[in-house]
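Peer 1: Pasting the sequence and the predicted coordinates here, then a few questions.
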Amino acid sequence: MRTLHQTHYGWDNSIPPIAEIASGDELDFEIGEASGGQIVKASQVGALASLDFAKINAVTGPVFVKGAEPGDVLEAEIRAIDGADWGWTAIIPGFGLLHEEYPEPWLQIWDVGKDVATGIPGVAIPVRRFPGTIGVALAEPGAHSIVPPRENGGNMDIRHLTKGVKVYLPVWVKGALFSAGDPHAAQGDGEVCGVAIESPATIALRFRLIKGYSIDEPQYEVPAASALQPDRAGYHVTTGICDDLHEAARKSVRSMIAHLMRERGYDRSEAYTLCSVAVDLKISEIVDSPNWCVSAFLPRSIFTS
């Protein structure tokens, strides 16, 4: 099986493909962590000050799929994911759900094992690797940032896209021009500080072209073997209630940070980071106007003491 290494920055349908495949083919994608090599295992917090954001979220590709035309659907099945023995999480000024409240940079380097990642004292974060970015080229010409997700997929940061999952992407240009990147070792639903446990990985994908069927935005299928199971130790849950869904999410995270500081003794940066890598945000209610409710689920099993 071929392994692809070449990366690019931004969605641009004029970028020449680095490989050409047919429906049914498999490829390995070697994908670097989100900083594009600017953060390494030995990095200190000062490395964040010199980050070149033009290199953030590089993706491996693009791959031309024979026969793919606008209006088709490309299925990408995640066959396997193997990753490095380290990762990083950062609080980056100006970025994240509570960025106004966290103006100072902060960096955590994790030891990533087969089953858990360790680094912040007293916790072991379950490793569940997935590509944060998976998508195809946009129909619009020119360069488009990879950072926001779009109708082509892209940086969706869906932590459920693990081994065994099939991702369905609408095709917007001839050949689809598929790319993947931003591998994560672990993340909570919401990725609230803006960063997961970023860790280099190799992902094996099998492709299938679906004709005669169209979708407007990405979809995915999670088989039983890949589905998340309820936490064995239960959860502590905080809520946020507001007439603005975004602010409701912020309120639920603030309450979880306060809980982690008060009940577990973590400082503000550690607590915010744990919310990003382990806490799941869920929309509990979005119909009872004028207020909506967001819940933040903290799995108790991450605590080692």
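Peer 2: Yep, it's here.
Peer 1: The one helix or strand residue 117 maps to pairs with which strands, parallel or anti?
Peer 2: Assigned by DSSP states H and E, residue 117 belongs to strand 116-118. When pairs are called by DSSP bridges, strand 116-118 turns out to pair with strand 106-112 (antiparallel), strand 125-126 (antiparallel).
Peer 1: As a markdown table, these with mean neighbour count and mean pLDDT would be great.
Peer 2: (C-beta placed from N, C-alpha, C; glycine too.) Formatted as a markdown table, the strands paired with strand 116-118 follow (neighbours: other CB atoms under 10 Å; pLDDT from 0 to 100):
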| stretch | mean neighbour count | mean pLDDT |
| --- | --- | --- |
| strand 106-112 | 20 | 98 |
| strand 125-126 | 20 | 98 |
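Peer 1: Give the rounded mean pLDDT of stretch 229-243.
Peer 2: Stretch 229-243 comes out with an average pLDDT of 97.
Peer 1: what's the next secondary structure element after the helix or strand harbouring residue 237?
Peer 2: Per DSSP H and E: residue 237 is located in strand 235-242. Once the chain leaves strand 235-242, the next helix or strand it forms, by DSSP H and E, is helix 245-264.
Peer 1: Output the contacting helices and strands for that next one.
Peer 2: Other helices and strands packing on helix 245-264, by 3 or more CB pairs under 8 Å, 6 or more residues apart in numbering; DSSP states H and E, are strand 235-242, helix 268-278, strand 280-285, strand 292-299.
Peer 1: Need the ones you listed in a markdown table (columns: mean neighbour count).
Peer 2: Listed next are those as a markdown table, based on neighbours: other CB atoms under 10 Å:
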| stretch | mean neighbour count |
| --- | --- |
| strand 235-242 | 18 |
| helix 268-278 | 24 |
| strand 280-285 | 16 |
| strand 292-299 | 21 |
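Peer 1: nearest to residue 99, of those?
Peer 2: helix 268-278 (10.4 Å; CB to CB).
Peer 1: Quick check: the gap between residue 12 and residue 125.
Peer 2: Taking CB to CB, to the nearest Å as the measure, residue 12 falls 35 Å from residue 125.
Peer 1: re the thing from before, what lines up beside the strand holding residue 237 in the sheet?
Peer 2: Applying DSSP bridges, strand 235-242 is found paired with strand 292-299 (antiparallel).
Peer 1: and the helices and strands packed on helix 245-264 as CSV, adding distance to residue 171?
Peer 2: Formatted as CSV, the helices and strands packed on helix 245-264 follow (distance: least, CB to CB, whole Å):
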stretch, distance to residue 171
strand 235-242, 38
helix 268-278, 32
strand 280-285, 30
strand 292-299, 34
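Peer 1: can you tell which of those is closest to residue 85?
Peer 2: Among the helices and strands packed on helix 245-264, helix 268-278 comes nearest to residue 85, with 16.7 Å by CB to CB.
Peer 1: Next, the angle strand 280-285 makes with that closest one.
Peer 2: If you take axes from the mean of the first three to the mean of the last three CA atoms, to 10 degrees, helix 268-278 sits at 80 degrees to strand 280-285.
Peer 1: So which residues make contact with helix 268-278?
Peer 2: Defining contact as CB atoms under 8 Å, 6 or more residues apart in numbering, one finds that helix 268-278 is touched by 89, 91, 96, 98, 102, 104, 106, 108, 117, 120, 123, 125, 186-188, 190-197, 253, 256-257, 260-261, 264, 266, 296, 298-299, 302.
Peer 1: how's this structure carved up into domains?
Peer 2: 3-226, 235-302 (automatic domain parsing).
Peer 1: For the residue nearest to residue 87 when sequence neighbours are not counted, list the residues it contacts.
Peer 2: Nearest non-adjacent residue to residue 87, counting by CB to CB, 6 or more residues apart in numbering: residue 199, 3.4 Å away. Listed by CB under 8 Å, 6+ apart, the contact partners of residue 199 are 33, 83, 84, 86, 87, 88, 110, 112, 129, 183, 184, 185.
Peer 1: at 7 Å instead, please
Peer 2: Going by CB atoms under 7 Å, 6 or more residues apart in numbering, residue 199 touches 33, 83, 84, 86, 87, 112, 183, 184, 185.
Peer 1: Which members of those are classed as buried?
Peer 2: Neighbour counting with 16 or more other CB atoms under 10 Å marks 33, 83, 84, 86, 87, 112, 183, 184, 185 as buried within the contacts of residue 199.
Peer 1: Would you mind measuring from the spatially closest residue to the third one that is not a sequence neighbour to residue 129?
Peer 2: In other words, residue 84. What sits nearest to residue 84 in space, not counting adjacent residues and going by CB to CB, 6+ apart, is residue 200, at 4.4 Å. Distance of residue 200 to residue 129, computed by CB to CB: 10 Å.
Peer 1: you'd agree the residue nearest to residue 84 is up against residue 35?
Peer 2: No: between residue 200 and residue 35 there is no contact under CB atoms under 7 Å: 10.2 Å.
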